[in-house]
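**Q** sequence? don't have it. structure:
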């Protein structure tokens, strides 16, 4: 099954971000927008994982979760990867708590690598993807919208667990299902 590890986002913050996405839809095209129900922070994308490899992943996430106490994560600002001249992904940034999210992602990356999962080439940058650009787009329009919303705030919440998720690709888009919730528990 296609699998990833994430921080799931509460409905209130998803609603705030959905308002921005609806505003963006009027200004920017063609972009594949992330559906509200699928908004999350990916800590580690694992790709296809055989059922017998799920237990080592659960162990890896549980080990990492043991070293962290719950923390506040806030969402603010908007940007684009890889840059404003060649935007491919539009994202919402994190503010308070991004250092903790990065530490957890680094721990998961290290533990998953030890268990034989492919490592990431890029350093983890906590963000929430809201849209993917597949075709040529007016980079100036993206840049203007980002500038207008660079100080926007979308809310904060207390992160108490990490989720191991299953992703099923369908014609209508991906469907995410939580396989396991692992609570953060300081040692």
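**A** Thanks, I have it. Not measured: the values here are computed from a predicted model. Residues are numbered from 1 along each chain as shown.
**Q** shaky segments in this structure?
**A** By pLDDT under 70, the low-scoring segments of the chain are 187.
**Q** quick one: the helices in it, in order.
**A** If DSSP state H is used as the criterion, the helices of the chain fall at 11-27, 54-65, 98-114, 139-149.
**Q** which strand residues bridge the residue nearest the centre of the chain?
**A** Among the residues of the chain, the one closest to the centroid is residue 41, at 2.0 Å (C-alpha atoms, centre = their mean). Counting by DSSP bridges, residue 41 forms beta bridges with residue 7.
**Q** report the buried residues of stretch 5-14.
**A** Buried residues in stretch 5-14, counted by 16 or more other C-beta atoms under 10 Å: 5, 6, 7, 8, 9, 13, 14. Every residue, glycine included, has its C-beta placed from N, CA and C.
**Q** how about those residues in a markdown table, adding distance to residue 93?
**A** Putting these into a markdown table (distance: C-beta to C-beta, whole Å) gives the following:
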| residue | distance to residue 93 |
| --- | --- |
| 5 | 20 |
| 6 | 17 |
| 7 | 14 |
| 8 | 18 |
| 9 | 13 |
| 13 | 13 |
| 14 | 16 |
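**Q** now, among these, which is nearest to residue 108?
**A** When the buried residues of stretch 5-14 are ranked by distance to residue 108 (C-beta to C-beta), residue 5 comes first, at 5.7 Å.
**Q** is it true that that closest one touches residue 167?
**A** No: taking C-beta atoms under 8 Å as the definition, residue 5 is not a contact partner of residue 167, at 11.4 Å.
**Q** of all the buried residues of stretch 5-14, which comes closest to residue 55?
**A** Here the nearest of these to residue 55, counting by C-beta to C-beta, is residue 5; it sits at 14.4 Å.
**Q** ok, that closest one - contacts?
**A** Shown in contact with residue 5 (C-beta atoms under 8 Å, 6 or more residues apart in numbering): 42, 43, 44, 46, 57, 61, 108, 162, 163, 164, 165.
**Q** sorry, back to before: and the helices of the chain: which comes nearest residue 86?
**A** helix 139-149 (6.9 Å).
**Q** give the buried residues for that closest one.
**A** For helix 139-149, using 16+ other C-beta under 10 Å, the buried residues are 142, 145, 146, 149.
**Q** what's the answer for stretch 49-68, then?
**A** 49, 53, 54, 56, 57, 60, 61, 62, 64, 65, 68.
**Q** how far does it sit from the chain's center?
**A** 18 Å (C-alpha atoms, centre = their mean, to the nearest Å).
**Q** do the same with stretch 28-42
**A** 10 Å.
**Q** tell me what the closest residue in space to residue 174 that isn't next to it in sequence is bridged to.
**A** Among residues not flanking residue 174 along the chain, residue 167 sits closest, at 5.2 Å (C-beta to C-beta, 6 or more residues apart in numbering). According to DSSP bridges, the residues that bridge with residue 167 are residue 2, residue 176.
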